[in-house]
Each structure stands twice: as C-alpha cells, then as structure tokens.
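Novice: structure for the following, please:
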Amino acid sequence: MGLNQKIFGSFALGYDPWINLHYYNPSFFSKNYIFDISLGHSKTKNKSIYTKEKDFYEYWYNAQISLGNRINIYKTLWFSLGYNQIEVTEKNVNKTISNSGKDYFFSFNLSYEINTRDLIEYPMKGEYITGLVKKSGFGESEIDYLQLWIDVRKYIPIKNNSICFRSFSGFSLGNQIPNYSHYFIGYNERVRGNFYKVLEGENITGFSTELRIPIFGPNYYLLEDFPIPQFSILRYGLNFTLFFDAAEVWNKDKFIWKDIDYGWGFGLNFLLPYSVVLRTELAFNNKLKSELIFDVGVSF
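Specialist: As a prediction, the model looks like this:
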C-alpha cells in the first residue's frame, strides 16, 4: 500500500532457537501512530546461576500488541499488552513461581524513547534515552511484580572524535521475582575487564564511557554495475577507542558499593560494510588482570 506496512516471519537455529511472526504498521489511523503485533516461541537454555541444575530449558510462548505514538521524529511513546507463558523441562519451585513448572501471565509495558543519534550502528553524536515500566501479572496467576528500566546515552563530538557516555539501571519490585526475569551481567550487558564474568540479581546499575578516535574513514566504495543496488555501496573505516565500564547487580536492599565490577582499556573498532562492526580490545579489571576481547557490534 506504499505505507511501509510489513508482515513477516523470522527464526533462528542453534543455541537458543526461536521463531517469530510479526505485523507492523507505521501509519495506523494516522502517520503519528504505530501498530505492532507479534507472536513468538523460543527455547532458551537456563542462564540463572541460582539454579544448581543448569542443564534445563525454558520454553517461551509470547503474544503482544503494541500501539506507539510518534510525538515527533525523535520521540516515541509506546503502550504494549502481552500474554506470556513459560514452561521448564524440569519442574522446580526455583525455576518458576508455580510448582507446576509452568508460569503464565499478562503484562503491560509503558515505554518512552528519545533518539537523536546520527547512526545507530556506530553513533558519534546525539543522544538516546529510553525508559520502561513493565507490570507482570494482574491477579490471573501467581506472578505479580513490577520492573523499571532507564538507559541514557550521550555522544559528544569533539572535532572528528567523540566522547560517549552511558548510564543504565533496572529495578524489580515485588515479593518474588522469577529467575527468568532477573538482570544479568555477562550476557547482553558486560563489563570489559570482567567480560566473561556472569552475575545475576533483581536489580542492576551500570556506567560506561568511551572515547572514539577515527584513524581513517569512514570511507565509501561503489561497486559499479552491481546486480543488487542496495548492496553496491560499501562503508569501511577504523577507530581507536579508550573505555571504562562499571556495573553491579543486587537483590532487595543488598547493594554494596565496594562490590561494583569495573574495567578499563583500549581497542580497535573495524567499521565494515553493511553496518558490521568488529571490535578487538585489551581490557584490565580492578586487579589489573588483562583479557583480550573479540566482539561484534558497537559497545553502546
């Protein structure tokens, strides 16, 4: 219809396989409203370090309807209503809230986003701010908790360089927070210097700063007469970085400042075609123990 509406399916195989069906309409009623509906199923290996028997899987079934209000080109407000069901391969009260090994619950999300970044794949200026309030359970099951999330990122250009800051926090409120809704350090969120250290808790906070210094590029190369025009422009470059990361997770009111994990170091960021970023970094932790990191994607 010429309005960028999409109906599509996606899937992944391997360690944590999943499948998802999606409908997206960016001009629902009017150009200022976005409608989004999705159905998903995933098989996820247990990540909780609190559960002694680690070789079990979580089977997720999700359905969600979302309505977004595009306030302007940089700001969006989202309302989402979802239904969630999780089953585990081994029944245990520590793996689900219900003794049956199956949790099911409705959820409501309210989120707000400000995004003025120049390039999402590797930002050098602008800001990104997102806040989320998520309520899980409305009396239909044993699930009943509230989670809050805030993520603030700022990218300040200094001539051709950029100094970047990120601060994030997540909080859980409720008598019993299931392990599958815990926050983790060592998966999506990592502390360079303690890159492979996994920590788990009901709450999380973290801070990162990074100085990005272009060595060359980004440059662009055009593939003449390439049969697919969308893939004919190649972007590449190389940046040097200096960074510092710090983060901590905790339960209830047991936050201790001295337990915060932190690390610092330097590295090279390779900007490759089709928005691919490869990073190689040398990081040190608070005990000056070093580690070499190879990763894909911008740090933040």
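
Novice: when you work out contacts or count neighbours from here on, use the C-alpha atoms and nothing else.
Specialist: Will do.

Novice: name the nearest residue to N175, sequence neighbours excluded.
Specialist: The spatial neighbour of N175 that comes closest, neighbours along the chain excluded (Cα to Cα, 6 or more residues apart in numbering), is Y145 at 7.4 Å.

Novice: mind listing what that neighbour touches?
Specialist: 135-137, 172-177 (Cα atoms under 8 Å, 6 or more residues apart in numbering).

Novice: closest to L238 out of these?
Specialist: Distance to L238 across the contacts of Y145 (Cα to Cα) is lowest for S172, with 39.8 Å.

Novice: beta partners for the closest one?
Specialist: Listed by DSSP bridges, the beta-bridge partners for S172 are Q147.

Novice: again with L81
Specialist: I65, F108.

Novice: again with S10
Specialist: Beta-bridge pairing for S10 (DSSP bridges): N20.

Novice: report pLDDT for it.
Specialist: Confidence at S10, expressed as pLDDT, is 96.

Novice: correct me, but it touches I19?
Specialist: Yes: with contact defined as Cα atoms under 8 Å, S10 reaches I19; the gap is 5.8 Å.

Novice: longest strand in the chain, please.
Specialist: The longest strand of the chain (DSSP state E) is strand 203-222.

Novice: quick one: list the elements packing against that one.
Specialist: strand 161-173, strand 183-185, strand 233-250 (3 or more Cα pairs under 8 Å, 6 or more residues apart in numbering; DSSP states H and E).

Novice: so what are the domain limits for this structure?
Specialist: 1-152, 182-300 (automatic domain parsing).

Novice: now those domains in JSON lines, with distance to S167?
Specialist: Converted to JSON lines, the domains of the chain look like this (distance: least, Cα to Cα, whole Å):
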{"stretch": "domain 1-152", "distance to S167": "5"}
{"stretch": "domain 182-300", "distance to S167": "4"}
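
Novice: nearest to C164, of these?
Specialist: Evaluated over these, closeness to C164 peaks at domain 182-300, with 5.1 Å, by Cα to Cα.
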